[in-house]
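*Asks:* Quick one, fold the following:
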Amino acid sequence: MPRTAVPRESGADGAAAAASIGDRLDRMPITSTHRQLTAVVGIGLLFDTFENNLAGTISKVLQDDFAFDGTTLKLVLASAFVGQFIGSLALGKVADRFGRRRAFLVNLALYSGFSLLAAFSPNAVWLIVMRFLAGIGIGAEQALSDCYLADMLPASKRGRYTAWAYTLAFCGVPAVGFAAMWLVPLSPLGIDGWRWLFVIGSLGSVVVWFLRRRLIESPRWLAANGRVQEAEHLVASMESKMPLGRRPLAGPAPRPHGPALARSERGPRLRTVFSRHYRRRTTMLWTFSVLSVFGYYGFGALAPQILAAKGYDVVSGLGFIALSFLGYPIGSALSLPIIDRYERKTLVGVVAAAMVATGTGFAYADSAALVVAFGFCYTLCSNIFSNVSHVYLAEQYPTAFRATASGAAYSLSKLSAAALPFILLPVLDAHGPGMLFLVIGAAMALLAATVLLLGDRTTGTPVDGDRTGTADAADRADTARLP
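*Replies:* Numbering: from 1, shown residues only. Okay, the predicted model is just below:
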């Protein structure tokens with residue numbers, strides 16, 4: 001039976017309808033649909049964080065098992081991030097062109113298949129290649145999740161529920177730490193324990209793939225692409241789950257406002273981020289993305305190497321890391337009451353300073369208790385930082401090219417993370433943990449200054465509106481002239 005074409009609206013009527021869809025989503029209270037999609041996104045992110053921290057956590061084990069030299073170790077740590085650089089760019093464009101839900105399914109399929117193949121690596125080259133290919137799928141996970149949640153959640157609850165998703169997600173970090181501590185000394189069924197860690201991550205993502213098949217498409221994305229009737233149907237279904245007294249009254253659609261609905265922004269064109277209205281914002285975000293990995297992945301990926309430099313053996317080091325990693329979900333949970341209460345760019349600056357202080361303490365800690373205490377405090381601070389950062393990045397661009405633009409920023413963070421072992425490991429080897437955290441601290445100080453000076457205020461504002469109120473007619477004309 002032939003498929004019936006879905007009518008598309010265009011022009012001023014389509015733009016007004018799209019604005020109406022966004023306005024209704026922003027005015028909703030939290031419904032069961034919001035809670036379900038937040039949980040499904042969070043479970044997917046859990047396996048993303050499991051995978052992102054896996055190679056760093058077992059790096060010393062892999063180094064001993066495969067007799068890595070220094071260069072090979074750096075390639076193993078960097079390979080997944082190079083793949084993530086490509087995945088962030090490519091699948092961000094897929095999400096803007098073909099939909100958030102479809103991109104979710106593609107990225108999980110890539111990650112699951114190649115992570116499973118990594119479990120059977122016979123040598124370092126195979127492992128590096130499989131980590132790279134799995135990284136293509138992993139690279140899009142956080143950008144897609146952030147964009148989808150920004151699309152779906154009401155403005156006043158956007159930060160809190162995104163933080164809930166990441167609180168669930170970051171349970172994956174201590175999970176990989178404790179799983180490594182348990183499995184690495186063992187060989188279940190005659191298979192090395194570290195290989196089982198890759199199998200766990202792969203099979204978990206298969207489960208998530210089936211859960212995500214049931215996600216609804218983003219109504220904002222549908223409306224931005226002219227599929228207003230489909231968007232209307234989904235929003236009406238969400239509204240039907242609201243209490244009767246809180247359902248919106250029918251009324252005229254609001255007029256589209258701000259440059260977010262300009263003609264050039266109705267498709268995933270990356271060049272739009274360099275228009276006059278977005279240029280400063282893009283400069284801030286790209287600088288932020290490059291520098292943030294020094295503070296975040298610099299600890300997670302290199303903690304085993306730092307502890308080895310302090311003289312701890314592999315098993316003791318894994319135990320200390322597992323305890324320190326408990327700070328990730330706890331820090332994420334601590335962000336819940338503050339993320340929608342305080343301005344996000346201010347939180348980024350304050351928590352970045354706290355990371356510098358606790359990281360310096362970890363570098364100079366001279367006992368097991370202090371190592372665990374400062375490691376725990378560092379990961380706690382870093383996940384308040386991470387949650388605020390994820391929400392803040394997803395709030396910067398309108399729906400029509402949000403995934404493309406956010407994916408580009410994320411891709412730079414992955415490229416920076418790939419370079420990290422080549423930058424920080426030589427510093428650690430030559431000068432020790434103190435100098436390593438001095439470099440990390442300098443990067444985080446520059447990050448905080450950039451966000452505070454160039455960043456916009458976003459807390460509680462619509463994601464498709466003209467937040468700043470500073471875009472004049474010349475700004476909008478400049479954007480509209482883009483091909």
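
*Asks:* what helix or strand does the spatially most central residue of the chain sit in?
*Replies:* In the chain, the residue lying closest to the centroid (C-alpha atoms, centre = their mean) is residue 142, at 3.0 Å. Following DSSP states H and E, one finds residue 142 within helix 141-152.

*Asks:* Output the next helix or strand along the chain from that helix as CSV, restricted to C-alpha atoms.
*Replies:* For helix 141-152, the following helix or strand on the C-terminal side (DSSP H and E) is helix 158-169. Output of helix 158-169 as CSV, limited to C-alpha atoms (Å, rounded to 0.1, in the frame of the first residue of the first chain):
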residue,chain,number,x,y,z
ARG,A,158,15.5,21.5,31.4
GLY,A,159,18.6,21.7,33.6
ARG,A,160,17.2,19.5,36.4
TYR,A,161,16.0,16.7,34.2
THR,A,162,19.1,16.7,32.0
ALA,A,163,21.0,16.4,35.3
TRP,A,164,18.9,13.5,36.3
ALA,A,165,19.8,11.7,33.0
TYR,A,166,23.5,12.3,33.7
THR,A,167,23.2,11.3,37.3
LEU,A,168,22.0,7.9,36.1
ALA,A,169,24.7,8.0,33.4
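
*Asks:* on contacts alone, who are the packing partners of helix 158-169?
*Replies:* With contacts taken as 3 or more C-beta pairs under 8 Å, 6 or more residues apart in numbering; DSSP states H and E, helix 158-169 sits against helix 32-57, helix 141-152, helix 327-334, helix 368-394. To be clear about C-beta, it is placed using only N, CA and C from the backbone, and glycine gets the same treatment.

*Asks:* elements contacting the shortest one?
*Replies:* Helix 327-334 sits against helix 158-169, helix 172-183, helix 368-394, with contacts defined as 3+ C-beta pairs under 8 Å, 6+ apart.

*Asks:* Deepest-packed of those helices, please.
*Replies:* Mean neighbour count (mean count of other C-beta atoms under 10 Å) peaks for helix 158-169 among the helices and strands packed on helix 327-334, with a mean of 26.

*Asks:* For the residue nearest to the centre of the chain, give me its contacts.
*Replies:* 45, 48, 390, 410 (C-beta atoms under 8 Å, 6 or more residues apart in numbering).

*Asks:* count of residues packed around the last one?
*Replies:* In this case it means residue 410. 28 (other C-beta atoms under 10 Å).

*Asks:* so who does it touch?
*Replies:* 84, 88, 92, 139, 140, 142, 143, 289, 393.

*Asks:* and what of the first one?
*Replies:* Under the criterion of C-beta under 8 Å, 6+ apart, the neighbours of residue 45 are 141, 142, 145, 165, 166, 168, 169, 172.

*Asks:* okay, the helices and strands packed on helix 158-169 in CSV with distance to residue 444 and mean pLDDT next?
*Replies:* Listed next are these as CSV, based on distance: least, C-beta to C-beta, whole Å; pLDDT from 0 to 100:
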stretch, distance to residue 444, mean pLDDT
helix 32-57, 19, 86
helix 141-152, 19, 91
helix 327-334, 16, 89
helix 368-394, 9, 90
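
*Asks:* a markdown table for those helices, including distance to residue 425?
*Replies:* As requested, the helices and strands packed on helix 158-169 are exported to a markdown table (distance: least, C-beta to C-beta, whole Å):
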| stretch | distance to residue 425 |
| --- | --- |
| helix 32-57 | 11 |
| helix 141-152 | 24 |
| helix 327-334 | 23 |
| helix 368-394 | 19 |
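
*Asks:* Out of the ones you listed, the one nearest residue 117 is which?
*Replies:* helix 32-57 (13.3 Å; C-beta to C-beta).

*Asks:* tell me the angle the closest one makes with helix 327-334.
*Replies:* 150 degrees (axes from the mean of the first three to the mean of the last three C-alpha atoms, to 10 degrees).

*Asks:* Restricting to C-alpha, output the helix holding residue 142 in PDB.
*Replies:* What follows is helix 141-152 as a C-alpha-only set of coordinates in PDB (Å, rounded to 0.1, in the frame of the first residue of the first chain):
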ATOM      1  CA  GLU A 141      25.900  10.000  22.200                       C
ATOM      2  CA  GLN A 142      26.300  13.000  24.400                       C
ATOM      3  CA  ALA A 143      25.600  15.600  21.800                       C
ATOM      4  CA  LEU A 144      22.500  13.800  20.600                       C
ATOM      5  CA  SER A 145      21.200  13.200  24.100                       C
ATOM      6  CA  ASP A 146      21.700  16.900  25.100                       C
ATOM      7  CA  CYS A 147      19.900  18.100  21.900                       C
ATOM      8  CA  TYR A 148      17.100  15.700  22.400                       C
ATOM      9  CA  LEU A 149      16.600  16.600  26.000                       C
ATOM     10  CA  ALA A 150      16.800  20.300  25.100                       C
ATOM     11  CA  ASP A 151      14.100  19.700  22.500                       C
ATOM     12  CA  MET A 152      11.800  17.800  24.700                       C
END
